[in-house]
Every structure is written in C-alpha cells, then in structure tokens.
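**Student:** coords please:
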Amino acid sequence: MKDVRRKVRRAQTIVPFGVGGIIDLRGESFVAADIRSWAAHGERVESSRLARKLRVDGFRSAPVVPSGKAAYATRIGPTYVRFPKWLFCPQCREMQLWRPDRELRDKQPACGRCVGRPQLAPMRFIQVCRAGHMADIDWRRWAHSRSDGHAQRQCQVRQLRFVATPDSSGLEALRVTCGACRAGRSLAGISQKNILEQLRLQCPGTHPWQSGTDEADPCEESPQAVQRGASNVYFPLTHSAIDIPAPAGLPEEDELTQKVVHHRLWPDFTSADGGPISDAFRTVIAGECEVPEEFVETLRRRRSDEAASMPAAADSDDDLSIAEWAAFSVPESVADSKTFSVRRTRLGVEHDDPGSLRELAAGISAVVVADRVREVRALEGFSRYEPSSGDGEGDEGGRVVSVNTQTRAQWLPAIETYGEGIFLAVDEERLGAWERRPSVRDWTRRIERDLDASFKADRLRGKSGPELLPRFVMLHTLAHHFIRQLSYDSGYNAASLRERVYARSHAPGSDLPPQAGVFIYTAAGDAEGTLGGLVRQGQPPNLVETLIRLLESAQWCSQDPLCADSTGRSLANLNRAACHACTLLPETCCEIDNSLLDRTLLIGDDTVPGFFRGVVRAALEESAGAVDLP
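**Tutor:** Model prediction:
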C-alpha cells in the first residue's frame, strides 16, 4: 500500500513552512495554519531574554507526531490546510473547487471522471496582498473577463477547464475556459502588477485556514497575482537568541518568580485574564509551585504592567547582543551550565612563527570555543508580496501578520537547537585605527547610501546599528568566509552552520563596551547535532591554518574581475565584491539575507586597505620566498 502520510520536521515549522508558509508535498500544496490549531499540545521552550524582547509570555514548539501505527490515530500535530483549493485534472483538464468535506485522511484528491483516478494538481497562480492575505484567484471571473456576448458576461456556472493549446508557448498556451458558455482567457499577462484590480477583483481579507467569513478583515489593498512558489509569497519574521545562563545566587523571590513564570500553565493563565478559568489556573499554579495565590496574581499584574509600559525601542537587538557579547568576550564571567559551556583558548602562534601568523595573531584579541550552546529561534509573524519594514506600519513594506490571527499572541512558536561554536574577537585598537582611515570610511559610505535607499533598511539597521560601520561589513564578510572554510575543515556542511555578528560601536560616554567579533556555531536540529568538529577546529594549530586559508581564498573569485570591481551587486546593490562563487551562503546561515558583504574591506585592493591586508601580503611574500628560482 502506498504511504501518503505528509511529514514536516519540527525545525521546518518555523522556517520555511511556518504559519502562513506554503509547502509542496508529492504534487499537493498546503499552507500552515496559525498556532491556534496546536496550542494545547505545544511543548514549552524556555528563553526569558527573547521573551522580554518580544513582549510575550513564552514559547512553544510544535508537538511531535509519534511514529508507526500511532501516527494514524494522533491529531496533535500542526494543521496544514489544502491551498489553493482550485485543482485540475492533468488528463481531462477539468477544474474543481475542492471543499474541506471532501478531504479523506491520508488520501490525495483524485479525479472521479477519468480512468485510473489520476491525482488532481493545484493551480499555479494565487493572489496575495501587502496586508498579508492570501486567497485563490476567482478563475470564473478570469475566464469571462474578455467575453464579448451578454450571455457570457452573465454566466455564473463554475464549470471550468484548464487547457493547454499547442498553437503558442509559455503562459499564452495556458487557458482557463468555461465549459458552459465557451468563454476563456489565457494566462498571458497574469503576472502584471494590478492585473486583478483591472478585473475589479478585491481582496477577501482572509487567510486560507479561515473557513468562515466572520473572521474576514476589511482590506483595501489591491490583490496581486503571483506564482504559488514565488519568493514574494512568504516573508517570515524570525528572532533568535543564545541561551545565556543567569548569574548564580538569585534571591529566593526571584527563584520563585522563575518557577511560576516557567510553569506549563502560565501562558494559559495570563491569556485567560478575567475569564472563568483564570481562578482555576491560578490555584493549580500556586499549589504546584508552593506559593500563595496572591503571589501568582501579583506577578501576573506586574508582568502585564511591564509589558504595557515597555517602549518600542525594546524591539532592537541591543538587549540580546550585549549579554551575548559579554558572555563570549569574557567567558570567565559566566558559569557553565547544561546549555552553555564556553572556554578561552588561543591561536597558538609563537614568536618564531612566520610573519603572516604573527600579523594574524596581532589582529585577533580573543578566541573562545563553545562546547555547548543552545539557540532558541522564534517566529513572530510573516508578510506577503513585500518584506516588512520592521514594525508592520507605514507605507513601506508589507504588514506583519501575527502567528495568531484572531487575538494578540501570548506565546510564539519556537524551536531550540543545541550545538557548538567558535568565537573570534578582533583587536579593538587596530580595528578603530583601520576604521578611521578616510578611504575605508568613504568606501563604507557608498554602501550606506545604497542601504538608505533599500526597502530593507530598517530591518538591516536593526543588526548593523543606526550607522553602518566598516567593522560590520568586514566582520560579516569574515563570518561568511569562515563558514565556507569550516565546511571543508570541520566535517559540517555549510547549511548546518550559522553566524552571529557583533559589530556595534556604542556612543561616547556609554558604559557599554564596543563589539567586534563573530560567532560561528551549529544551528541544525537534525542528526548532526554536536559532533565536536567546530571545537576541534577552534583549537591550535587548526584554527590559525583555517584563518590563513580563508584569507587566501578570499583573494580570488571565479567571476573576477567582475566580482572584485563591482560597485553594486545583489538586491538593492547592498553587496560589493561578493557573489555566489566566493562569499554568499545558504539563506539559513546568514542573519541578514546575504546582504552587506564586501571582500574588499576584508583583504583590500589598490585603493582600499583591507583589515587583514597585512596578513595576506606577508603570506604571499613567504610563499614567494619559499620557491627556489633557478
């Protein structure tokens, strides 16, 4: 018997098949419903720092569906709704508007008219809007949109066929026709902007998993026709944080507070404020945590008041990067825990080593290996057609749709991954002197002008800071080449590694220290886990050899001189000397979508001195001196 069970890994419930995302499985197409479908079965994920930043009570990961025969009886997994609902038979080309009552568990939709009952295929085009809504195109209206006769214009029959004509090619060869009045129209021009608005089609204001019209939102946005698998259908808004242990010796009240807010019923209690079940939740929490009910109620009110009074500036990444930078740059200040274990190491460069190694050691101020780290990655929402500008408001970018489309999300879906990593800190004195060079600052200002004109400016500045500094572009490029080289040396593939760039220079007079470093760590939640490959490469003599090799490989690209001499590459010209052949990584590795990269600031050229130019020159001179000329 053919097994047609649909399976999604837990990590994929965040990206790329999180709430609102489309997944194609064996010729079928589904969309992930919001978190209301599995709220009662989600497993709690702890991350207090990330919860404070996002102003939620906590996180939950999607429940795991058991394997074997138990999978057929369970219904605790996340819900995926069939979308689009317009399907067609690949043999008779008859179109059908699929209804939920026709769904059969673990059965693919099939045509009942053709011999052999072939599987129905989903239509290729759908409609989305900047407000985040998504729906099927009204194919009946499309088929009759160019009708000449009165009878065809008034036809209300939904007897449609999706045919392919041999007279032309491309979208012109695909036509939607009416089986009753013979009206029809090809798909030519369907990708044009506002083509649906010309047909007076409006956005219904719903999401595919909302079956009733009572949940529809009034939407004035113009619907846009896009391909089902297009990249602008789904832009997830995710956040991540490294789990940093809290200092030891907390007061008793703080320990009780943590015990209460980490209780499995705490999110339900806070979301049921004022409801009839609120008293029951409070009683259970107080009894299991061994605290008075008044303590639980006071804590709920205090958390609610703090969330209401929290300024919008708390959405920045400063509160997360500061604690992480402190833990990595001074590992002795943080005690080891089950989820976080770091230790300082060194490059292992001695005084009698070659000049290139000594020059490299002078630019690296600290090396820390993380034997154990835990990352929590949460999905806040998504946008469609255009990426969100960051706050979901205003005219720039699409609107952010919450993972709970009915009420404010009290908790967010998240996953936790365990792994290992390498942290490198760059010498601040050398870096500051390099950043003050006029050629370096002028070069970075050109990139910043393109950043200001980009639709991603607000989101990228959340990572780079209010001003784009040369250190951010240089360290970001270093992180990409570090990952590419580690994929050869450590045993991990590049898609299993992830970067965190710390490149902030705080305002004068601030008590916060400047940041200048990168952290490369494993981020895959699959069988690779923690194999020890990164820790091994982070110790002498492996690390210094890896760094020298990555700097040498950064000097050339198979697309040079086009890549090296580029004045603007990728989307919105946010990259310079960086392309897929030399620098870019899988999207899962990069924090900012493979943007703000430039090999020139890393190794330099004839006009701009790269930060590691001295290392590269010394290595070249040593290589030339090692060759015995006749």
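
**Student:** could you point out the longest helix of the protein?
**Tutor:** As assigned by DSSP state H, the longest helix anywhere in the chain is helix 470-489.

**Student:** mind exporting it as CSV, just the C-alpha atoms?
**Tutor:** What follows is helix 470-489, C-alpha atoms only, in CSV (Å, rounded to 0.1, in the frame of the first residue of the first chain):
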residue,chain,number,x,y,z
PRO,A,470,33.2,49.4,8.3
ARG,A,471,33.6,46.9,11.0
PHE,A,472,30.2,45.4,10.4
VAL,A,473,30.7,44.8,6.7
MET,A,474,34.2,43.4,7.3
LEU,A,475,33.2,41.1,10.1
HIS,A,476,30.1,40.0,8.2
THR,A,477,32.3,39.1,5.3
LEU,A,478,34.8,37.3,7.6
ALA,A,479,32.0,35.2,9.0
HIS,A,480,30.8,34.1,5.6
HIS,A,481,34.3,33.0,4.5
PHE,A,482,34.9,31.4,7.9
ILE,A,483,31.8,29.3,7.4
ARG,A,484,32.8,28.4,3.9
GLN,A,485,36.3,27.3,5.0
LEU,A,486,34.9,25.4,8.1
SER,A,487,32.6,23.4,5.8
TYR,A,488,35.8,21.9,4.3
ASP,A,489,37.8,21.5,7.6
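
**Student:** just the mean pLDDT for that helix, thanks.
**Tutor:** Per-region confidence: helix 470-489 scores 95 on mean pLDDT.

**Student:** pass me the low-pLDDT residue ranges in the stretch 451-600 of the chain, would you?
**Tutor:** 506-511, 523-531 (pLDDT under 70).

**Student:** can you give me the helices for it?
**Tutor:** 457-464, 470-489, 533-537, 542-553, 600-603 (DSSP state H, counting those that start in this stretch).

**Student:** dump these into TSV; add mean neighbour count and distance to residue 80 as well.
**Tutor:** Bear in mind the C-beta positions are built from the backbone N, C-alpha and C, glycine included. Shown next, in TSV, are these (neighbours: other Cβ atoms under 10 Å; distance: least, Cβ to Cβ, whole Å):
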stretch	mean neighbour count	distance to residue 80
helix 457-464	19	28
helix 470-489	24	32
helix 533-537	20	35
helix 542-553	19	41
helix 600-603	27	43
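
**Student:** wait, residue 184 sits on residue 162?
**Tutor:** No - look at residue 184 against residue 162 with Cβ atoms under 8 Å: they stay out of range, at 10.1 Å.

**Student:** give me the common contacts of those two.
**Tutor:** Common contact partners of residue 184 and residue 162 (Cβ atoms under 8 Å, 6 or more residues apart in numbering): 175, 176.

**Student:** may I see the buried residues of the biggest strand by length in the chain?
**Tutor:** Counting residues, the longest strand in the chain under DSSP state E turns out to be strand 364-383. Using 16 or more other Cβ atoms under 10 Å as the test for burial, strand 364-383 gives 364-383.

**Student:** could you measure from the most centrally placed residue in the chain over to residue 414?
**Tutor:** For the chain, the residue nearest the mean C-alpha position is residue 238 (5.0 Å; Cα atoms, centre = their mean). Separation of residue 238 from residue 414 (Cβ to Cβ, to the nearest Å): 9 Å.

**Student:** common neighbours of those two, please.
**Tutor:** 14, 377, 378, 379.

**Student:** before we move on, the earlier item: determine the set of other helices and strands touching the helix or strand following the longest strand of the chain.
**Tutor:** As assigned by DSSP states H and E, the chain's next helix or strand after strand 364-383 is strand 401-402. Taking 3 or more Cβ pairs under 8 Å, 6 or more residues apart in numbering; DSSP states H and E as the contact definition, the neighbouring helices and strands of strand 401-402 are strand 364-383.

**Student:** which residues in the stretch 151-300 of the chain form strands?
**Tutor:** Counting by DSSP state E, counting those that start in this stretch, the stretch 151-300 of the chain has strands at residues 160-164, 174-178, 184-186, 224-227, 235-242.

**Student:** select, out of those strands, the one closest to residue 60.
**Tutor:** Residue 60 lies closest to strand 235-242 among the strands of the stretch 151-300 of the chain, at 14.9 Å (Cβ to Cβ).

**Student:** the closest one to helix 457-464, inter-axis angle?
**Tutor:** In terms of direction (axes from the mean of the first three to the mean of the last three Cα atoms, to 10 degrees), strand 235-242 departs from helix 457-464 by 10 degrees.

**Student:** show me how the protein divides into domains.
**Tutor:** Domain ranges of the chain: 10-235, 244-309, 317-380+413-622, per automatic domain parsing.

**Student:** and those domains: which comes nearest residue 404?
**Tutor:** domain 10-235 (5.5 Å).

**Student:** counting by contacts, list what the host helix or strand of residue 616 packs against.
**Tutor:** Under the criterion of DSSP H and E, residue 616 resides in helix 613-625. With contacts taken as 3+ Cβ pairs under 8 Å, 6+ apart, helix 613-625 sits against helix 355-363, helix 542-553.

**Student:** tabulate these in JSON lines, adding columns for distance to residue 456.
**Tutor:** Putting the helices and strands packed on helix 613-625 into JSON lines (distance: least, Cβ to Cβ, whole Å) gives the following:
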{"stretch": "helix 355-363", "distance to residue 456": "30"}
{"stretch": "helix 542-553", "distance to residue 456": "27"}
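
**Student:** which SS class is residue 127?
**Tutor:** strand (DSSP: H, G, I helix; E, B strand; the rest coil).

**Student:** likewise for the one 10 residues further on?
**Tutor:** When states are read from three-state DSSP, the local structure at residue 137 comes out as coil.

**Student:** how about it, phi and psi?
**Tutor:** phi -70, psi 140 (degrees, to the nearest 10).

**Student:** skip the chain neighbours and tell me the closest residue to it.
**Tutor:** residue 127 (5.1 Å; Cβ to Cβ, 6 or more residues apart in numbering).
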